[in-house]
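A.B. asks: mind folding the following:
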Amino acid sequence: MDYIYVTKENIEQEHICCAISSNSDVQVRSKKDWLTDRFEDGLVFIKSVLRGKCFIEYIPAKNAWIPIDADNYMYIDCLWVSGSLKGHGYSNELLNLCIEDSKKKGMDGICILSTKKKMPYLADPKFLAYKGFKVCDEAENGIQLWYLSFKDSKVPHFKSCAKNCHIDELGFVLYYTNQCPFNAKYVPIVEQVAKEHNLTFKAIHLDTKEKAQNAPTPITTYALFYNGEYVTNDVMNEKKFLKLLSNLGL
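C.D. replies: All right, here's what the predicted structure looks like:
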């Protein structure tokens, strides 16, 4: 497989895999703007030359938009291969590119979020274990921090603010960033559904690295709470949200 490195110079001409559409689409525009601002922080985005979800996105952990302490580690924002592109070894190839690049840059290792069982928008734990990753920390909601070390160094861990995954607010509270392009479309939709059902709903846009690094959740791309308790990281569309309301008896 041949791969393309998306940069500030070519991002307007390249599709971004997780949201393939025109630059005028609100999701694409949101994600491309977010990526463009992150390139100066060391973000790397590598994607297949083929159209489809086949890419890896990573950044030095000190600049990652999640609450972790991972000195001199690289953090993988997303490694996603799906559809007809699965089963050809592309995940291995993309991860190996990240590993090689991280070693060249003098990093002590790489880390990524996952769980005991595969969940939406998170890396497959079986794949990570196969590649030699180990769990180095776990939040109370089951979200785990996995790491692959290149040398004897300090093990990464979650910041204390993100460990218990509890907030002191009633109703629905959503923390999200523009790292996930789907939020640009679906956060307003869920807000409208909540309004139509007279539900308390507050969306907190983590629009800076500092806010994200001090969030009360290990997942910052999308973390939904209800009455103080963590509910899900699965991006809600109208159908999913209505099903969730039914499951909660609302």
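
A.B. asks: now do the helices in this protein.
C.D. replies: For the chain, applying DSSP state H gives helices covering 26-38, 90-104, 125-130, 183-196, 209-213, 238-247.

A.B. asks: and the contacts of the longest one?
C.D. replies: Meaning helix 90-104. 1, 3, 44, 46, 48, 54-56, 58, 74, 76, 79, 81, 109-110, 127, 131, 148, 150 (Cβ atoms under 8 Å, 6 or more residues apart in numbering). For glycine as for every other residue, the C-beta is placed from the backbone atoms N, C-alpha and C.

A.B. asks: stretch 240-249 now?
C.D. replies: Under Cβ under 8 Å, 6+ apart, the answer for stretch 240-249 is 190, 193-194, 197, 199, 226, 231-232, 234, 236.

A.B. asks: please apply the same query to stretch 173-180.
C.D. replies: Residues outside stretch 173-180 that contact it (Cβ under 8 Å, 6+ apart): 18, 30-31, 33-34, 65, 77, 121, 167, 183-184, 187, 190, 201-207, 212, 215-217, 220-226, 235.

A.B. asks: using PDB, write out every CA atom in it.
C.D. replies: Provided in PDB are the C-alpha atoms of stretch 173-180 (Å, rounded to 0.1, in the frame of the first residue of the first chain):
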ATOM      1  CA  VAL A 173     -23.300  17.000  29.900                       C
ATOM      2  CA  LEU A 174     -21.200  16.400  26.800                       C
ATOM      3  CA  TYR A 175     -17.500  17.100  26.500                       C
ATOM      4  CA  TYR A 176     -16.200  17.100  23.000                       C
ATOM      5  CA  THR A 177     -13.500  18.400  20.700                       C
ATOM      6  CA  ASN A 178     -13.200  19.100  17.000                       C
ATOM      7  CA  GLN A 179     -10.800  16.300  16.600                       C
ATOM      8  CA  CYS A 180     -13.700  14.100  15.700                       C
END
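
A.B. asks: and it, what's its mean pLDDT?
C.D. replies: Stretch 173-180 carries an average pLDDT of 97.

A.B. asks: let me see the contact set for the closest residue to residue 63 other than its chain neighbours.
C.D. replies: Leaving aside its sequence neighbours, residue 63 sits nearest to residue 41 (Cβ to Cβ, 6 or more residues apart in numbering; 3.9 Å). When contacts are counted by Cβ under 8 Å, 6+ apart, residue 41 touches 59-60, 63, 209.

A.B. asks: gap between residue 41 and residue 34?
C.D. replies: Distance, residue 41 to residue 34, using Cβ to Cβ, to the nearest Å: 11 Å.

A.B. asks: equivalent analysis for residue 195, please.
C.D. replies: 26 Å.

A.B. asks: pick out whichever of these two has more residues nearby.
C.D. replies: A count of neighbours by other Cβ atoms under 10 Å puts residue 34 above the other of residue 195 and residue 34, at 18 against 10.

A.B. asks: what's the per-residue pLDDT of the more buried one here?
C.D. replies: pLDDT, residue 34: 97.

A.B. asks: output the longest strand belonging to the chain.
C.D. replies: The single longest strand within the chain, with elements called by DSSP state E, is strand 73-81.

A.B. asks: quick one: strands adjacent to it?
C.D. replies: Using DSSP bridges, strand 73-81 pairs in its sheet with strand 54-60 (antiparallel), strand 109-114 (parallel).

A.B. asks: and the ones you listed as a markdown table, adding mean neighbour count?
C.D. replies: Shown next, in a markdown table, are those (neighbours: other Cβ atoms under 10 Å):
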| stretch | mean neighbour count |
| --- | --- |
| strand 54-60 | 23 |
| strand 109-114 | 24 |
